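# model this:
(one chain, ligands or ions: 2)
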Amino acid sequence: MQAWEGSSESAEATRRIGEALGRLARGGDVVALSGPLGAGKTTLVQGVARGLGLGAAAVVSPTFLYVREVKGGRLALYHVDAYRLVGRAGPGEAAGFLEELGLSHYLRSGGLTVIEWPEPILDALPADHLRISLDWVEDDPSGERRQVRVEAWGERHEALAARLAAELGWRPARAGAGGGQAGGRGDQAGERDGL
Ligand SMILES: Nc1ncnc2c1ncn2[C@@H]1O[C@H](COP(=O)(O)OP(=O)(O)OP(=O)(O)O)[C@@H](O)[C@H]1O
Ligand SMILES: [Mg+2]
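Ligands and ions are numbered 1, 2, ... in the order given. Sure thing, here's the model as predicted:
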């Protein structure tokens, strides 16, 4: 595993991170996108759509669906939101949830899969994948700054993350910093609008 850290100063800056990812992605790539409610996960996916040659408007929060398939870009984009599974996952249940979402089909389809609230299914994802965590920054009067941490697991996604980090000027993560995932807080389940 290799890790990098960066930051975003605005929603548009987060979209640009996603856009670079969309441009660099290859079919079969898998991105787990963590972070608390409202951190900017869907905003980043809008940038991914842009990087794939789709309009950012093609991406909306898939609150009432688990998977939205966005076609018409360089690669099909499978936008997954596993929020409603958060807090339901017990040990060893990830593979079952993956099936429940029909996700194994999408993971084999040669598109780009981006998963918001991936924690319930993280253990069942392909070993080679990228994890991006967005989180708030303390003492930020603007409310628009986010810290971004990227962890790349496996050869393919380490190569992808290295290119992304070079393009965005990210620094390698300090050893032990970040502590893995932001978000994935089961106690937030049910707070989101419309659920
Ligand atoms: N630096 C930033 N990056 C991303 N979004 C930002 C930033 N600063 C402000 N915002 C705003 O924060 C909001 C993020 O909403 P978004 O739906 O992307 O969050 P989310 O993480 O997907 O939330 P949810 O957990 O409900 O899915 C948007 O209104 C966006 O404009
Ligand atoms: Mg979202």
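
# Every contact and neighbour count from this point should use C-alpha atoms.
Noted.

# which residues of the chain fall in helices?
With helices called from DSSP state H, the chain shows them at 11-24, 41-51, 94-100, 103-107, 155-168.

# List the backbone torsions phi and psi for Arg145.
The phi/psi pair for Arg145 (degrees, to the nearest 10) reads phi -90, psi 140.

# Look up the closest residue to it, ignoring the ones flanking it.
Nearest non-adjacent residue to Arg145, counting by Cα to Cα, 6 or more residues apart in numbering: Glu9, 4.5 Å away.

# any weak-confidence spans in the chain?
Low-confidence segments of the chain, defined by pLDDT under 70, are located at 56, 61-65, 175-195.

# Give me the residue at the spatial middle of this structure.
Closest to where the C-alpha atoms of the chain average out (Cα atoms, centre = their mean) is Leu33, at 2.0 Å.

# So what sits opposite it in the bridge?
Beta-bridge pairing of Leu33, defined through DSSP bridges, involves Glu116, Ile132.

# thought it was touching Lys41?
Yes. Proximity of Leu33 to Lys41 meets the contact threshold set by Cα atoms under 8 Å, at 6.4 Å.

# Contact partners for the residue nearest to Arg145?
Contact analysis of Glu9 by Cα atoms under 8 Å, 6 or more residues apart in numbering lists 144-146.

# Many thanks, we can stop here.
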